[in-house]
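> build me a model from this:
(chains A and B)
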Amino acid sequence: MNNDSTPPDALLAEVGRDLRPVRAWPTPWRDALRLSPLALGIIVALPVLVGLRRDAVAVGPLVVWGVSLIQVAVGIVLIWMATREGRPARRLPRGVVRTALAVAGFMVVAVSFLTFSKSPTHVPHGTPPWIAGMVCYFGSTLVATPLFALAAWFHSRFVSPRPALAGGLYGAGAALTSNAGWRLICPISTPWHVLTAHGGAVISITLLSALIAHLAAVRARRS
Amino acid sequence: MVQYQAGSLEAFRELYAHLAPDLRRYVRFLTRGSDAADDLLQDAFLQLHRSRAAYNPAYAVRPWMFALARNVCLMNRRAMRRWANIHAVGSDLPEVPVPAEVERLADADAIRQCLGELPTDHAEALTLHHVWGFSFDEIAGMLGVSAVAARARASRGMARLRMELERLSSSIR
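Got it, this is the predicted structure:
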């Protein structure tokens, strides 16, 4: 038999050690869409549990709910891109990935100015601005936790030469979704607060997710 | 692949028999004929085994496996070190397969020598298309570029290869 086409014994032994049947994973779109109930749950649960922002009427339903729904949709698209980046032979062009990340960043900035233009509200008197900032930073990071818990599971599925990029895309999607929910309850619209606290949380979640994916890949390589 | 996912060792053997010869040449191309190529090929099949659930029957198996092998080559630090050493030494001709379109222009060694002169991304797109027969859409998914960029790389690679061959033949004359 041709040596080229016969698997070596060591490889066969390794493969034979674990041959339990596996179920094929869904396509990236289905994978990403499975998270949409959770994402929509976040933007419904927060106003129900904490209360809708006080200036919701002044801002208007289109900017309050419409923009949050668009943000969730962009978040799901980013998660879809992450699952594609994490699979061999399904990667998207670098330009598309960069554009999507830029759109996500631009969206956070544009939404903060749009909301401020509709209803300029500031940190309430008597509340130190840094405390308001910390509450929103940690609050919106915490809101991303359910999606983030799934990140470990997603990251373990990545088979990518650029795991940090796949993780970053996933994190950006989760962060954008949590930001969409948090802006529904935060009554402060002044841009410096929104950009530092809310935007800071988006950046932190994205970077943390990229780091986790990188470490998961390093661990997988060592095992 | 579906039978392999269902737990058939025989299906794995068939898959290996079907893919390994071409993959070995591809890995040798990526590692410039390094001795590590066979190890990396086994690593690629091990990676396939560990992530066999990630494969969806909607995808073509061959580009999937080539992309996996490419990932293994890129991510393997040892391979990269050897690759760098080989580049630094620059001794032997790289084991690059010869595209059929230029076979008549010169002998295989001359073509290999010229292919070795091409930028890596051009040479890779060129050989993936002209030697292994992947479509530009498939190459795009494997390399993380658009199909247009994959076509442009292959086309520039071919143009440069012809130029190098002409230069080589004129220098011999």
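
> send over the helix or strand hosting residue A:141 as CSV, restricted to the C-alpha atoms.
With secondary structure defined by DSSP states H and E, residue A:141 is part of helix A:129-143. The C-alpha coordinates for helix A:129-143 follow below in CSV (Å, rounded to 0.1, in the frame of the first residue of the first chain):
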residue,chain,number,x,y,z
PRO,A,129,-19.3,61.7,38.5
TRP,A,130,-16.8,59.0,39.0
ILE,A,131,-19.3,57.0,41.1
ALA,A,132,-21.9,57.3,38.4
GLY,A,133,-19.2,56.2,35.9
MET,A,134,-18.2,53.2,38.0
VAL,A,135,-21.8,52.1,38.4
CYS,A,136,-22.4,52.2,34.7
TYR,A,137,-19.0,50.6,33.9
PHE,A,138,-19.4,47.6,36.2
GLY,A,139,-23.2,47.4,35.6
SER,A,140,-23.0,47.1,31.9
THR,A,141,-20.0,44.7,32.2
LEU,A,142,-22.1,42.6,34.6
VAL,A,143,-25.1,42.6,32.2
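
> could you pull out the buried residues of it?
For helix A:129-143, burial by neighbour count (16 or more other C-beta atoms under 10 Å in any protein chain shown) applies to A:132-133, A:136-137, A:139-141, A:143. For every residue, glycine as well, the C-beta is placed using N, CA and C.

> out of those, who's nearest residue A:113?
residue A:136 (16.9 Å; C-beta to C-beta).

> might you report the residue contacts of that closest one?
Shown in contact with residue A:136 (C-beta atoms under 8 Å, 6 or more residues apart in numbering or on different chains): A:182, A:186, A:188, A:193, A:197-198, A:201.

> is it possible to get a markdown table of the residues you listed that adds distance to residue A:18 and secondary structure?
Written out in a markdown table, the entries for the contacts of residue A:136 read as follows (distance: C-beta to C-beta, whole Å; DSSP: H, G, I helix; E, B strand; the rest coil):
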| residue | distance to residue A:18 | secondary structure |
| --- | --- | --- |
| A:182 | 43 | helix |
| A:186 | 49 | coil |
| A:188 | 53 | coil |
| A:193 | 52 | helix |
| A:197 | 47 | helix |
| A:198 | 45 | helix |
| A:201 | 40 | helix |
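
> now, which of these sits nearest chain B?
Chain B lies nearest to residue A:201 out of these, by C-beta to the nearest C-beta, at 28.7 Å.

> in this structure that closest one contacts residue A:181, no?
No: with contact defined as C-beta atoms under 8 Å, residue A:201 and residue A:181 do not form a contacting pair (11.6 Å).

> does stretch A:78-97 come close to chain B?
Yes: taking C-beta under 8 Å from any C-beta of the partner chain as the criterion, stretch A:78-97 and chain B are in contact, through A:85, A:87-96.

> on that earlier part again, hey, what's in contact with both of residue A:201 and residue A:181?
The contact sets of residue A:201 and residue A:181 overlap at residue A:140 (C-beta under 8 Å, 6+ apart).

> now a PyMOL select for only the buried ones of the contacts of residue A:136.
Entered in PyMOL, the line below selects the buried ones among the contacts of residue A:136, by 16+ other C-beta under 10 Å:
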select buried, chain A and resi 182+186+188+193+197+198+201
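
> residues in contact with residue 129?
By default, I'm working from chain A. Contacts were defined as C-beta under 8 Å, 6+ apart; by that measure residue A:129 touches A:123, A:193.

> nope, chain B
Taking C-beta under 8 Å, 6+ apart as the definition, contacts of residue B:129 comprise B:135-136, B:139, B:150, B:154.

> and with 7 Å instead?
When contacts are counted by C-beta atoms under 7 Å, 6 or more residues apart in numbering or on different chains, residue B:129 is found next to B:136, B:139, B:154.

> residue A:92 now?
A:81, A:84-85, B:144.

> which of those sits closest to residue A:23?
Distance ranking of these against residue A:23, using C-beta to C-beta, places residue A:84 first at 19.7 Å.

> centre of the chain to the helix or strand hosting that closest one, how far?
Under the assignment given by DSSP H and E, the secondary-structure element containing residue A:84 is helix A:67-85. Using C-alpha atoms, centre = their mean, to the nearest Å, the mean C-alpha position of helix A:67-85 is found 7 Å from that of the whole chain.

> what's the answer for stretch A:100-114, then?
Mean C-alpha position of stretch A:100-114 versus that of the full chain (C-alpha atoms, centre = their mean) differs by 14 Å.

> and chain B, is that stretch touching that?
No: with C-beta under 7 Å from any C-beta of the partner chain as the threshold, stretch A:100-114 lies outside contact range of chain B, at a closest distance of 13.6 Å.

> buried stuff in that stretch?
Burial within stretch A:100-114, assessed by neighbour count using 16+ other C-beta under 10 Å, is assigned to A:100-101, A:104-105, A:107-108, A:111-112.

> swap in stretch B:62-78?
Going by neighbour count (16+ other C-beta under 10 Å), the buried part of stretch B:62-78 is B:62-73, B:75-76.

> could you dump these to CSV with secondary structure, distance to chain A and pLDDT?
Formatted as CSV, these follow (DSSP: H, G, I helix; E, B strand; the rest coil; distance: C-beta to the nearest C-beta, whole Å; pLDDT from 0 to 100):
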residue, secondary structure, distance to chain A, pLDDT
B:62, helix, 9, 90
B:63, helix, 4, 89
B:64, helix, 5, 89
B:65, helix, 8, 90
B:66, helix, 7, 91
B:67, helix, 3, 88
B:68, helix, 5, 87
B:69, helix, 9, 88
B:70, helix, 7, 87
B:71, helix, 5, 83
B:72, helix, 9, 83
B:73, helix, 9, 82
B:75, helix, 6, 73
B:76, coil, 8, 69
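
> many thanks, we can stop here.
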